[in-house]
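Colleague: Below are the sequence and a predicted model for it; my questions follow.
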Amino acid sequence: MGVPVSGAADSFSAALANFLLGKDVNSPVLECTLSGPKLKVLIDQRIVVTGARLQVKIDNQFFPHNTVINVDAGSTIEIQSSHCGCRCYVAFSNDMEAMNFLGSVSTYVSGKIGGISGRALEKGDTIGFHSIDTNLKKVTQLNSQDYNNSWLIKVTEGPEFKQLSSHSKGLIENIEYLVSNDSNRIGVRLEGPTLEINESGEMISGPVFTGTIQCPENGLPIVLGPDAQTLGGYPRIFQVAKVDRFLIGQMRPGDRLKFQLISLEEAEKLWLDMVISFPFISKL
Amino acid sequence: MLKLIEFSLNDFAEDLILIKCQGDTLNQNPLIFWQLSKTLLGSFTDIEVIPGEDSVAVKINIIKKTRSQYIADLKEFLNTYQPEITEESNELTTVPICYDDEFALDMNQILISKGLSKNEVINAHSKIVYQVKMIGFTPGFIYLGDLSDELILPRLKTPRVFIPSGSIGIANKRTGIYSLGGPGGWPIIGRTPINLFNPKKEQPLLIQPGMRLRFEPITKQEFDQMLVN
């Protein structure tokens, strides 16, 4: 039907937040992009904030990320902004009420699907909760990676990798791209030296997925995000390795980015190793 | 006995396998990958599929089984796969389209590169009864073909960041309906006022691959009226 994967742009951080609360890792969370909301808490909750290090202030006191915080009814949570990373996640011990479509409550803004009326939250919105029993894990804190403003992203060859000119193939790992302002949950557009496609690149639209890197005729790669289309007609030159796919959600305009080409075997092994380190991601 | 189709398995990602077939098969059965996708979902419990017109991507779970094991299992499955024989659908859907300059964002470019008058372009686009080739890209995007040879154009060199919902584009042998607004790389030839995708309905999209569809030209006035209704 053409409905994108959707869901958290940094699915690792979202899963981590739920995991620390002892919830199903795919439970709904709030995704805050570049800056966060101010929330008035109406019922007692435990919360965890993960992802980009946006500062967390509860009743004027700062709290760390990746840690279970008890918040009483009546408190005010303020999620501020940060200079590194793009999105942070707030998970709640109770389950948020949200619109379900095809078994998911993820907000997909272009389709007006999921979340609260299929749109980004606005000032004055009220979020409802079902209370659920969560079994708090023994681990109440876990360190995750810090971000800076430059990325080295592991990629494998895409189905149309062969269409890149040999000059571009030789150059690819040395190019430093800039994340464009035109980036969002659909795709991260890159600025920098252009790549050359040998054939005119006209093809029947083929399947794409989160992390597929397309190269339109202008030679500037687009890294597809969770709200991207399911089919595309531009050459799929690379695919971001699964182990780095969740980082797409943390790239912010102005960040620098380089690619590192690895084999499918390495990519498979890296993911299995990561699942051993963080078993809760096996359901992602 | 039916001739078996020769499929090939291609690398896409450590957790994605791309299935393609010989060119001739597509001419004989344009809906082969739509059918194959449904059968795959029924036969494997731990995969997802992303069907395209000339291929399907199979998303595998490399924690459950290794990639090479999936490849072996898919090969075995495809070796004996026979597509169901489907009858041509007689159902014909008519979709109104307005070719007004306000909506046809790339009409001027189309006229220049094809050396046709606007009436010739409208006639070439609306005279054909199209077959729905695939649904996908964004929710409710409808791929239709074949487009008249006179109108064949490549995709835009730089895709647009946003195209309004209802926009109708052309690219190579296809014309397509953007049921939702969003980014897109097809030259835009017109717009329809009707909404083809509604996630609130039990059947969000009434159009399925294999159905037939034609465009009916309408004026800007009729467009505005239908939009209000």
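Modeller: All right, it came through fine.
Colleague: quick one: low-confidence parts of the stretch 1-150 of chain A?
Modeller: Counting by pLDDT under 70, the stretch 1-150 of chain A contains low-confidence residues at A:133-143.
Colleague: Spell out which parts of it neighbour chain B.
Modeller: Residues of the stretch 1-150 of chain A that fall close to chain B, judged by CB under 8 Å from any CB of the partner chain: A:1, A:2, A:3, A:4, A:101, A:110, A:111, A:112, A:113, A:118. C-beta here means a position set from N, CA and C on the backbone, and glycine is covered the same way.
Colleague: So if we follow the domain assignment, how does chain B break up?
Modeller: Under the assignment automatic domain parsing, the domains of chain B span B:7-79, B:92-228.
Colleague: Turn those into JSON lines, including mean neighbour count, mean pLDDT and distance to chain A.
Modeller: Rendered in JSON lines, the data for the domains of chain B read as follows (neighbours: other CB atoms under 10 Å in any protein chain shown; pLDDT from 0 to 100; distance: least, CB to the nearest CB, whole Å):
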{"stretch": "domain B:7-79", "mean neighbour count": "18", "mean pLDDT": "93", "distance to chain A": "3"}
{"stretch": "domain B:92-228", "mean neighbour count": "18", "mean pLDDT": "93", "distance to chain A": "4"}
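Colleague: Next, format those domains as JSON lines and append distance to residue A:221.
Modeller: JSON lines is the format used below for the domains of chain B (distance: least, CB to CB, whole Å):
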{"stretch": "domain B:7-79", "distance to residue A:221": "16"}
{"stretch": "domain B:92-228", "distance to residue A:221": "12"}
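Colleague: elements contacting the helix or strand hosting residue B:222?
Modeller: Taking DSSP states H and E as the criterion, the element that holds residue B:222 is helix B:220-228. Packed against helix B:220-228, as judged by 3 or more CB pairs under 8 Å, 6 or more residues apart in numbering or on different chains; DSSP states H and E, are the following elements: strand B:92-98.
Colleague: what's the distance between the helix or strand just after the strand it packs on and the middle of its chain?
Modeller: Under the assignment DSSP H and E, the closest C-terminal helix or strand after strand B:92-98 is helix B:107-114. Centre-to-centre, helix B:107-114 and its host chain are 23 Å apart (CA atoms, centre = their mean, to the nearest Å).
Colleague: Equivalent analysis for stretch A:65-84, please.
Modeller: Mean-position distance between stretch A:65-84 and its chain equals 20 Å (CA atoms, centre = their mean).
Colleague: Span of that stretch from start to end?
Modeller: 14 Å (CA to CA, to the nearest Å).
Colleague: Give the helix, strand or coil label for residue B:11.
Modeller: strand (DSSP: H, G, I helix; E, B strand; the rest coil).
Colleague: Might one say that it is in contact with residue A:157?
Modeller: Yes. Distance between residue B:11 and residue A:157: 7.0 Å, which falls inside the contact criterion (CB atoms under 8 Å).
Colleague: Break chain A down into its structural domains.
Modeller: A:11-130, A:150-283.
Colleague: What ranges does the chain have for its helices?
Modeller: Because you didn't say which chain, this covers chain A. A:11-20, A:166-171, A:242-245, A:264-277 (DSSP state H).
Colleague: wait, I meant chain B there
Modeller: For chain B, the helices identified by DSSP H occupy B:23-28, B:32-43, B:67-79, B:107-114, B:118-126, B:220-228, in order along the chain.
Colleague: what number of residues lie near residue A:237?
Modeller: A count of nearby residues for residue A:237, using other CB atoms under 10 Å in any protein chain shown, gives 26.
Colleague: just checking, it touches residue A:161?
Modeller: Yes. If you go by CB under 8 Å, residue A:237 and residue A:161 touch, sitting 5.4 Å apart.
Colleague: circling back: would you format the residues of the stretch 1-150 of chain A next to chain B as TSV with distance to residue B:25 and neighbour count included?
Modeller: Compiled in TSV, the residues of the stretch 1-150 of chain A next to chain B are given as follows (distance: CB to CB, whole Å; neighbours: other CB atoms under 10 Å in any protein chain shown):
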residue	distance to residue B:25	neighbour count
A:1	24	15
A:2	24	23
A:3	27	20
A:4	28	26
A:101	34	21
A:110	34	21
A:111	33	25
A:112	38	18
A:113	35	26
A:118	39	19
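Colleague: out of those residues, which one sits closest to residue B:143?
Modeller: Of all the residues of the stretch 1-150 of chain A next to chain B, residue B:143 sits closest to residue A:2, with 9.9 Å by CB to CB.
Colleague: that older thread, residues making contact with the helix holding residue B:222?
Modeller: When contacts are taken as CB atoms under 8 Å, 6 or more residues apart in numbering or on different chains, the neighbours of helix B:220-228 outside the stretch itself are B:96, B:98, B:100, B:102, B:103, B:191, B:193, B:194, B:218.
Colleague: mind redoing it with 10 Å?
Modeller: B:96-103, B:166, B:190-195, B:216, B:218-219 (CB atoms under 10 Å, 6 or more residues apart in numbering or on different chains).
Colleague: how about the nearest residue to residue A:130, chain neighbours excluded?
Modeller: Among residues not flanking residue A:130 along the chain, residue A:95 sits closest, at 4.7 Å (CB to CB, 6 or more residues apart in numbering or on different chains).
Colleague: Tell me who's in contact with that neighbour.
Modeller: Applying CB under 10 Å, 6+ apart, one finds that residue A:95 lies in contact with A:23, A:24, A:27, A:28, A:105, A:128, A:129, A:130, A:131, A:132, A:134.
Colleague: Among those residues, which pair sits farthest apart?
Modeller: Longest distance between any two of these is 18.5 Å, between A:24 and A:128; criterion CB to CB.
Colleague: bridging residues for residue B:20?
Modeller: According to DSSP bridges, the residues that bridge with residue B:20 are residue B:8, residue B:55.
Colleague: Isn't it up against residue B:11?
Modeller: No. Residue B:20 lies out of contact with residue B:11 (CB atoms under 10 Å); the separation is 11.5 Å.
Colleague: what touches both of those two?
Modeller: Taking CB under 10 Å, 6+ apart as the criterion, residue B:20 and residue B:11 both touch residue A:159.
Colleague: sorry, back to before: counting neighbours, go ahead and name the busier of residue A:24 and residue A:128.
Modeller: residue A:24 (15 against 11).
Colleague: and that one, how far is that from residue A:70?
Modeller: Relative to residue A:70, residue A:24 is positioned 21 Å away (criterion: CB to CB, to the nearest Å).
Colleague: Give me the residue at the spatial middle of chain B.
Modeller: residue B:143 (2.6 Å; CA atoms, centre = their mean).
Colleague: ok so, going back, return the members of the contacts of residue A:95 classed as buried.
Modeller: A:23, A:27, A:28, A:105, A:134 (16 or more other CB atoms under 10 Å in any protein chain shown).
Colleague: need the contact list for residue A:59.
Modeller: Residues A:41, A:71, A:72, A:74, A:75, A:76, A:77, A:78 are the ones in contact with residue A:59 under the rule CB under 10 Å, 6+ apart.
Colleague: List buried residues within those.
Modeller: Listed as buried from the contacts of residue A:59 are A:41, A:71, A:75, A:77, A:78; burial here means 16+ other CB under 10 Å.
Colleague: what is in contact with residue A:237 and residue A:161 at once?
Modeller: Common neighbours of residue A:237 and residue A:161 (CB under 10 Å, 6+ apart) are A:155, A:169, A:172, A:213, A:215.
Colleague: Where neighbours are concerned, which of the residues you listed has the most?
Modeller: For these, neighbours tallied by other CB under 10 Å; top is residue A:215, 26 neighbours.
Colleague: how near is it to residue A:193?
Modeller: 12 Å.
Colleague: Now for these two: what residues contact both?
Modeller: Counting by CB under 10 Å, 6+ apart, the residues touching both residue A:215 and residue A:193 are residue A:168.
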